[in-house]
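Trainee: Okay, structure incoming, though there's no sequence with it:
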């Protein structure tokens, strides 16, 4: 069985993890493009607390769990996702920032909009879906 | 009045508690996914991995997409449920709206989607998971997209 196979317990954990993510985004008002744009215009520094708070717990998890538990509680391996520093990362991040600064929407809040009933943001979700498709169709894999 | 008393309302005119609590909740979700399943839960990969169901192009057939495409969709469904739960419990069931113009949402979304996939991560992949695993390339990516986003958002205000 592949470590990525979705058993019922793993499915439930994944669903709950996503739900915490979506609830947290909503609670932190990151689902409102106006709040994100307010941060980008130096009017409100809340986004730093959101990203910082989340990154701190993520750091505890990524650095601590492999040491304390050895293996994930439902089996498999603790996976890593090494980031590369190259032209693609820089150019991609720069383009992502332009899109984020234009819309105030990034992938998580775009998905969450399906739950908050923000139909306006479905335009951004559609844009992200098409942008990712365009990238995949033009990428040299 | 201490420095804190004057500083906090200036930095956080809408209060700071909900930001920190929301961020910690997001982090708890990311940590939970790692603790039980061992998976790194950025958000933007689902937009590439899901296309692998429709397109046979080699780019979409990469192991990293085929291996994770099931759980990434479940994870995304969880985000929708969590947001729905917030709406029903804390927002009186009200559907949310935004005043950002449609063209900005559509074009901005397209660029955000394209850029996140080219750069292999978004605000959660690089900003939360990448910084959380202390990866310098992710710090570089965060500083880069913060920089262009600051510029774009402020130029749009002037325009």
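Mentor: Arrived safely, thanks for sending. Bear in mind the structure is a predicted one, so any value in this text is a computation, not a measurement.
Trainee: so who does residue A:83 touch?
Mentor: A:89, B:120-121, B:126, B:130, B:135, B:137-138, B:141 (C-beta atoms under 8 Å, 6 or more residues apart in numbering or on different chains). To be clear about C-beta, it is placed using only N, CA and C from the backbone, and glycine gets the same treatment.
Trainee: from what I can see residue B:79 touches residue A:22, true?
Mentor: Yes. With contact defined as C-beta atoms under 8 Å, residue B:79 counts as touching residue A:22 (3.6 Å).
Trainee: Can you pull the residues that touch both of those two?
Mentor: Common neighbours of residue B:79 and residue A:22, counting by C-beta under 8 Å, 6+ apart, are A:108, A:111-112, A:115.
Trainee: Among these, which one sits closest to residue B:60?
Mentor: Using C-beta to C-beta, residue A:111 is the member of the shared contacts of residue B:79 and residue A:22 that sits closest to residue B:60, with 19.6 Å.
Trainee: re earlier: tabulate the shared contacts of residue B:79 and residue A:22 (JSON lines), appending distance to residue B:66 and pLDDT.
Mentor: Shown next, in JSON lines, are these (distance: C-beta to C-beta, whole Å; pLDDT from 0 to 100):
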{"residue": "A:108", "distance to residue B:66": "23", "pLDDT": "97"}
{"residue": "A:111", "distance to residue B:66": "21", "pLDDT": "98"}
{"residue": "A:112", "distance to residue B:66": "26", "pLDDT": "98"}
{"residue": "A:115", "distance to residue B:66": "27", "pLDDT": "98"}
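Trainee: CSV for those residues, including secondary structure and neighbour count?
Mentor: Formatted as CSV, these follow (DSSP: H, G, I helix; E, B strand; the rest coil; neighbours: other C-beta atoms under 10 Å in any protein chain shown):
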residue, secondary structure, neighbour count
A:108, helix, 27
A:111, helix, 28
A:112, helix, 33
A:115, helix, 26
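Trainee: and the residues you listed near chain B, which?
Mentor: Residues of these in contact with chain B (C-beta under 8 Å from any C-beta of the partner chain): A:108, A:111-112, A:115.
Trainee: between these, which is closest to chain B?
Mentor: residue A:115 (2.9 Å; C-beta to the nearest C-beta).
Trainee: Show me the contact partners of the lowest-mean-pLDDT helix or strand in chain B.
Mentor: Ranking every helix and strand in chain B by mean pLDDT, DSSP states H and E puts helix B:3-11 at the bottom, with a mean of 87. Helix B:3-11 is contacted by residues A:44-45, B:16 when judged by C-beta under 8 Å, 6+ apart.
Trainee: Looking at those residues, which are in helices?
Mentor: Using DSSP state H, no member of these falls in helices.
Trainee: ok, of the residues you listed, which one's closest to residue A:12?
Mentor: Among the contacts of helix B:3-11, and counting by C-beta to C-beta, the member closest to residue A:12 is residue B:16, at 32.9 Å.
Trainee: Phi first, then psi, for that closest one.
Mentor: For residue B:16, the backbone dihedrals (degrees, to the nearest 10) come out as phi -120, psi -20.
Trainee: What is the burial count for it?
Mentor: Residues near residue B:16, counting by other C-beta atoms under 10 Å in any protein chain shown, number 17.
Trainee: ok, now residue A:56?
Mentor: Residue A:56 has 16 nearby residues by other C-beta under 10 Å.
Trainee: which element is it on?
Mentor: Taking DSSP states H and E as the criterion, residue A:56 maps to helix A:46-59.
Trainee: That helix and chain B, any residue contact?
Mentor: Yes. Among the residues of helix A:46-59, A:46-47, A:49-59 lie within reach of chain B under C-beta under 8 Å from any C-beta.
Trainee: Can you tell me which helices and strands that helix packs against?
Mentor: The elements that helix A:46-59 packs onto, with contact taken as 3 or more C-beta pairs under 8 Å, 6 or more residues apart in numbering or on different chains; DSSP states H and E, are helix A:33-40, helix B:17-37, helix B:131-132.
Trainee: Quick one: list the elements packing against the shortest one.
Mentor: Helix B:131-132 makes packing contacts with helix A:46-59, helix B:136-158 when contacts are defined by 3+ C-beta pairs under 8 Å, 6+ apart.
Trainee: Indicate which one of these is closest to residue A:33.
Mentor: Nearest of the helices and strands packed on helix B:131-132 (C-beta to C-beta): helix B:136-158, 10.3 Å.
Trainee: Give me the angle between the closest one and helix A:46-59.
Mentor: Comparing the axes of helix B:136-158 and helix A:46-59 via axes from the mean of the first three to the mean of the last three C-alpha atoms, to 10 degrees yields an angle of 160 degrees.
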